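Student: here is my input; please provide its structure:
(one chain, ligands or ions: 1)
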Amino acid sequence: MQILPATASSHAADMDWLFAALVGTSGFILLLVFGLMITFCVRYRANSKVERGNRLGRTWRLEAAWTAATFAAFLALYFWGADLYIRIHRPPPDATDVYVVGKQWMWKIEHAGGQREIDSLHVPVGRPVRLVLTSQDVIHDFAIPAFRIRQDAVPGRYETLWFTPTEVGEYPLYCAEFCGTYHARMGGSVVVMEPSDFQRWLDGQGAGPSLAQEGEALFRQYGCSGCHGAASTVHAPRLEGLFGRPVPLEGGGTVIADDRYIRDSILLPRSEIAAGYPPVMPSFAGQIGEDELLKLVAYIKSLADRTAGNTEAGPPAGGKQAGPPAGSAEKDAR
Ligand code: CUA
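Tutor: Got it, this is the predicted structure:
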């Protein structure tokens, strides 16, 4: 009989060691405390003929040593756990992005190439995968026991975590946060494939537009290009070369232009205003769904390698019409 689920990711062994250490340390202390308690209860019960005159004096040394030792042991476990937690949330730079949106009661998954799936996740073995996770309604929790990962999907936030699958196979995927009537049915499976099979799977999903291309279409549809586009006369920040760079803010400080920053800028444009720009951007809260936000973020991310006013930098996944025509953008470029 198998007690633990399969171990199929790069984090699994680390997580199991931590789990074993926690259970081991807690179990040892539990046995020690209860063992002594029961031993003394029995040995010194009323009417037992045991010698009671040999009481020790005050034993503060023992007390201090015992307290310090347990404190040190659990503090060590804390640092061990914190280190692992941080590593799981810091994806390596070469990780492939997969976007996950939780919704009552399904997981909607989108690959960077625009391939979509519901309640299943296909990933290649041996390659790091970065998940960007959010929810469209209530709090869900994306859990893959075989990978030893679990992360809440919270409305209004992007959570990132990553893993490298290490074993080809199919593993269950769950929602691990009670989220309504059909919470128990909200799940599916993760399919880990050989990279060549995975590529074939991706190709077999039909050649639709990539996430970034869909984002570009939305960028025009919602009128973003009216201000952020090259031809605009509005003094709005250029988005080429923005992603992943620090942005100086009005009133001091900087933020890194990551997924979260882009999303918040669309929904809560007044919260972090780029220094030197008037706060004229309207909020799109309530108008753009999470799926569409992910596409817009993917589009802006695809502009990361471009510089404002330079079309020759070569469009990546994006599309034909992306870069601004040369010339007009210099005055707004930072
Ligand atoms: Cu979604 Cu439980």
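Student: near the ligand, which residues of this protein show up?
Tutor: Gly102, Trp105, His140, Cys175, Glu177, Phe178, Cys179, His183, Met186 (CB under 6 Å from any ligand atom). C-beta here means a position set from N, CA and C on the backbone, and glycine is covered the same way.
Student: in strands, which of those residues appear?
Tutor: Among these, the members found in strands (DSSP state E) are Gly102, His140, Cys175.
Student: center of the chain - which residue?
Tutor: What sits nearest the mean C-alpha location of the chain, by CA atoms, centre = their mean, is Thr160, with 1.6 Å.
Student: this protein: strands as residue ranges?
Tutor: Going by DSSP E, the chain shows strands at 96-103, 106-111, 116-118, 120-124, 129-135, 140-144, 149-153, 159-163, 169-175, 187-193, 246-248, 254-256.
Student: doesn't Pro246 make contact with Tyr261?
Tutor: No - with contact defined as CB atoms under 8 Å, Tyr261 does not count as touching Pro246 (10.2 Å).
Student: between those two, who's got more neighbours?
Tutor: Set Tyr261 next to Pro246 and count neighbours by other CB atoms under 10 Å: Tyr261 wins out with 20 against 10.
Student: the residue lying closest to the more buried one once chain neighbours are set aside: neighbour count?
Tutor: Beyond its immediate neighbours in the sequence, the residue positioned closest to Tyr261 (CB to CB, 6 or more residues apart in numbering) is Val255, lying 5.4 Å away. Residues lying near Val255 (other CB under 10 Å) number 15.
Student: check Thr59 too.
Tutor: 10.
Student: ok, Leu294 next?
Tutor: Neighbour number of Leu294 under other CB under 10 Å is 24.
Student: tell me the contacts of the closest residue to the ligand within the stretch 201-334 of the chain?
Tutor: Using CB to the nearest ligand atom, the single residue of the stretch 201-334 of the chain nearest to the ligand is Glu290, 14.1 Å away. By CB atoms under 8 Å, 6 or more residues apart in numbering, the residues touching Glu290 are Val101, Thr134, Ser135, Gln136.
Student: you'd agree the second one is up against Gln151?
Tutor: In this case it means Thr134. No - if you go by CB under 8 Å, Thr134 and Gln151 don't touch, sitting 10.6 Å apart.
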